[in-house]
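*Asks:* Task: produce atomic coordinates for the following.
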Amino acid sequence: MSRTPQISRTPRFLRRTALPVYACLALTALTALTGCSDASPSKSSAAARSAESPATTGTPAPGPGTASDSAPPSPSAKSASPPVHVSIPSLGINSAVMRLGLNPDGTVEVPPADKGMTTGWYTGGSVPGQPGPAVLIGHNDTRFGRAVFHDLKKITKGADISVRDDRGTEIHFEVTGRETASKKAFPTARVYGHTKARALRLITCDGAFDAAGHPVDNLIVYATRK
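*Replies:* Below is the predicted model:
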């Protein structure tokens, strides 16, 4: 199954893609995928800035997902060491991490199709291990085949996610829940909203395809630092 994740401006990174309709990203960001919806953070969404993330169950209730401007970078992103590698032992995932910013239209970038086995860190969010939500985006499939988050839907509550920063420090997170959300109702507040927790979110495409051949949902995995 080829899918491209989406993101909306309130995170709108999974909505568009510049790749063929059979290519798909894993997180809610958009770099070179066409037909994927977006889920980018919002500057103006009060809910996204103030809501605590309640993602402690496997299928949290849907949240707001309207489009707006993107949120400013987290202070922690300016001082902490950025991530360079992520691994999920239970799924056999080992991936380098590249940096992702925003496209001119305010959507979040995604890794290019030819780097389908590489995840991306949205630099406008928190640095993994620092207070607040850190967001990693990855493809499910691309035109080149199976991609890094192809098996993300198999992750279970309690699974370990390890992120290594550029100083060689390993930071471990425990999965607290996951949800599949429509790209038309992306849970912006839960994904990008303020939280005191040292949180991690992984995003990719999921669900059926629409008439244009794009996946209609996003898969979001929630985790907190151990």
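
*Asks:* Could I get the contacting residues of Arg201?
*Replies:* Arg201 makes contacts with 27, 133-136, 191, 220-223, as judged by C-beta atoms under 8 Å, 6 or more residues apart in numbering. To be clear about C-beta, it is placed using only N, CA and C from the backbone, and glycine gets the same treatment.

*Asks:* Report the rounded mean pLDDT for the one helix or strand it maps to.
*Replies:* Arg201 is located in strand 198-209, with elements delineated by DSSP states H and E. The pLDDT scores in strand 198-209 average 91.

*Asks:* in it, what's buried?
*Replies:* Neighbour-count burial for strand 198-209, counted by 16 or more other C-beta atoms under 10 Å, picks out 198-207, 209.

*Asks:* about what we covered before: tell me the one among the contacts of Arg201 nearest to Val127.
*Replies:* The nearest member of the contacts of Arg201 to Val127, counting by C-beta to C-beta, is Ala134 at 6.1 Å.

*Asks:* circling back to that earlier point, list the strands paired with the strand holding Arg201, with their directions.
*Replies:* Paired neighbours of strand 198-209 in the sheet (DSSP bridges): strand 132-137 (parallel), strand 215-225 (antiparallel).

*Asks:* As TSV, the ones you listed with mean neighbour count, mean pLDDT and distance to Val163 would be great.
*Replies:* Converted to TSV, those look like this (neighbours: other C-beta atoms under 10 Å; pLDDT from 0 to 100; distance: least, C-beta to C-beta, whole Å):
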stretch	mean neighbour count	mean pLDDT	distance to Val163
strand 132-137	28	97	8
strand 215-225	25	93	9
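
*Asks:* May I see these arranged in TSV, with distance to Ile88 as well?
*Replies:* Below are the strands paired with strand 198-209 laid out as TSV (distance: least, C-beta to C-beta, whole Å):
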stretch	distance to Ile88
strand 132-137	10
strand 215-225	9
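
*Asks:* Ala159 is nearest to which of the ones you listed?
*Replies:* For Ala159, the closest of the strands paired with strand 198-209 is strand 215-225, at 8.1 Å, according to C-beta to C-beta.

*Asks:* then that closest one to CSV, C-alphas only?
*Replies:* C-alpha atoms of strand 215-225 as CSV (Å, rounded to 0.1, in the frame of the first residue of the first chain):
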residue,chain,number,x,y,z
PRO,A,215,-4.9,7.8,2.0
VAL,A,216,-7.7,9.5,4.0
ASP,A,217,-6.3,9.0,7.5
ASN,A,218,-3.1,9.5,9.6
LEU,A,219,-1.7,7.1,12.1
ILE,A,220,-0.4,8.9,15.2
VAL,A,221,1.7,7.2,17.9
TYR,A,222,2.1,8.9,21.3
ALA,A,223,4.9,8.2,23.7
THR,A,224,6.5,9.8,26.8
ARG,A,225,10.1,9.8,28.1
